[in-house]
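Asks: Below is the sequence, then the predicted model.
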Amino acid sequence: MANERQSGSPCDKETCESCRTKPSAPADRDIDTERIERSLSTIRYKFLVMSGKGGVGKSSISTSLAVGMSQKGMRVGLMDVDLHGPSIATMMGIEQPISVTPDQRMIPKSYNDYLKVISIDYLLQDKDQPVIWRGPVKMGAIRQFITDVQWGELDVLIIDAPPGTGDEPLSVAQAVKDAKAIVVTTPQDVALADVRKSINFCRKVDLQILGIVENMGPFTCPCCGETVEVFKSGGGKALADQMNIPLLGTLPFEPKLVKACDAGRPMLSEKTSTEFSRAIDACIVRITEELS
């Protein structure tokens with residue numbers, strides 16, 4: 001018959017009944033996507049904290065938001081996906097090795113009853129060894145990292161990404177489809193220029209922007225009581241108005257923040273009312289308003 005073919009001979013895939021009816025195997029990326037969605041299905045909100053520029057205090061804001069939200073009774077996860085410079089574990093004072101479940105899923109470290117922390121730093125055997133990976137390897141590692149963490153039920157997952165618009169934030173944007181970006185800036189023009197790129201990145205990859213947080217804004221001098229502007233003021237508000245994005249808050253420059261981060265004791269863990277803690281609290285309130 002015309003449709004019959006000899007064993008071992010090539011077939012015409014357009015006419016071969018066997019080829020036309022045989023289901024195609026799902027692509028690897030589809031399997032990965034299903035695993036990611038299943039892993040994140042018990043988390044209500046996912047925030048990607050990002051910035052186009054380094055040195056704006058993005059990681060310190062991630063830790064402050066996480067601690068502040070947990071103190072309000074929210075179940076929070078804090079994830080560090082900065083492959084080249086992870087700092088969350090140090091800032092949180094949690095650097096012990098992680099445990100894994102029998103099915104090889106990583107168990108986050110508990111900071112308090114409501115806050116869990118995981119960092120890609122936990123997977124590096126030598127903390128001083130540089131990670132020298134090309135884009136595809138980095139993207140695959142981040143996707144697997146997101147998949148292989150056992151979070152349980154969470155109200156919020158805060159993902160701290162490295163600065164820029166490269167592989168790491170792109171991987172998160174593609175993997176965590178319902179993530180919302182919190183873009184961090186400082187008031188000076190050189191930072192604002194780079195943050196505009198982050199905003200346009202989010203719009204390019206269809207990543208919803210929750211709002212802008214301006215860090216290192218004016219603060220009250222503890223000695224004379226005068227308002228001090230280290231990096232000018234009002235830049236975050238002007239950028240938010242220009243780009244039609246909510247301003248989630250302005251955080252004052254806090255001289256004690258560096259010592260607190262180096263010591264592994266987030267400032268909000270002291271539970272004392274300061275200008276910085278009140279600003280973080282107002283920022284959290286603004287975030288919850290944007291979600292309602």
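Replies: Received, thanks.
Asks: contacts and neighbour counts: CA atoms only from here.
Replies: Noted.
Asks: just how off-centre is the longest strand along the chain within its chain?
Replies: In the chain, taking DSSP state E as the definition, the longest strand is strand 208-217. Centre-to-centre, strand 208-217 and its host chain are 14 Å apart (Cα atoms, centre = their mean, to the nearest Å).
Asks: List of residues touching the helix or strand following that strand?
Replies: Scanning forward in sequence from strand 208-217 by DSSP states H and E, the next helix or strand is strand 219-220. Strand 219-220 has contacts (Cα atoms under 8 Å, 6 or more residues apart in numbering) with 226-229, 252-254, 275.
Asks: What is the neighbour count of the closest residue to D281 other than its chain neighbours?
Replies: In this structure, D281 finds its nearest non-sequential neighbour in G68, 6.8 Å apart by Cα to Cα, 6 or more residues apart in numbering. Other residues within reach of G68, judged by other Cα atoms under 10 Å, total 24.
Asks: Contacts for the helix or strand containing G68, please.
Replies: Assessed by DSSP H and E, G68 sits inside helix 58-71. Applying Cα under 8 Å, 6+ apart, the contact partners of helix 58-71 are 49-51, 75-78, 87-88, 91-92, 114-115, 158-160, 184, 261, 266-269, 280-281, 284.
Asks: Now, those residues that are in helices?
Replies: 88, 91-92, 261, 280-281, 284 (DSSP state H).
Asks: just curious, which of those is nearest to M106?
Replies: I88 (16.5 Å; Cα to Cα).
Asks: if we can go back for a sec, hey, what's the angle from the helix holding G68 to strand 208-217? Just curious.
Replies: Comparing the axes of helix 58-71 and strand 208-217 via axes from the mean of the first three to the mean of the last three Cα atoms, to 10 degrees yields an angle of 110 degrees.
Asks: Rounded mean pLDDT for helix 58-71, please.
Replies: Averaged over helix 58-71, pLDDT sits at 96.
Asks: Next: stretch 145-160.
Replies: 94.
Asks: And the contacts of it?
Replies: Contacts of stretch 145-160 (Cα under 8 Å, 6+ apart): 32, 35-36, 39-40, 42-50, 58-59, 62, 66, 74-82, 104-108, 116, 120.
Asks: From one end of that stretch to the other, what's the distance?
Replies: 13 Å (Cα to Cα, to the nearest Å).
Asks: got it, and stretch 160-174?
Replies: For stretch 160-174, the first-to-last residue distance is 15 Å (Cα to Cα).
Asks: Quick check: buried residues in that stretch?
Replies: 160-165, 167-174 (16 or more other Cα atoms under 10 Å).
Asks: among these, which two are most distant?
Replies: Within these, P163 and Q174 form the most distant pair, 17.0 Å apart (Cα to Cα).
Asks: re earlier: drop anything exposed from the contacts of stretch 145-160.
Replies: Using 16+ other Cα under 10 Å, the buried ones in the contacts of stretch 145-160 are 32, 35-36, 39-40, 43, 45-50, 58-59, 62, 66, 74-82, 106-108, 116, 120.
Asks: Just the residues you listed: which are in strands?
Replies: For those, secondary structure assignment (DSSP E) places 43, 45-50, 76-80, 106-107, 116 in strands.
Asks: Show me which of those is closest to Q96.
Replies: Of all these, I107 has the smallest distance to Q96: 12.0 Å, by Cα to Cα.
Asks: Select from the ones in helices among the contacts of helix 58-71 the one having the most neighbours.
Replies: Going by other Cα under 10 Å, I88 tops the ones in helices among the contacts of helix 58-71 with 27 neighbours.
Asks: I figured that residue hits S119, correct?
Replies: Yes. I88 is within contact range of S119, at 6.7 Å (criterion: Cα atoms under 8 Å).
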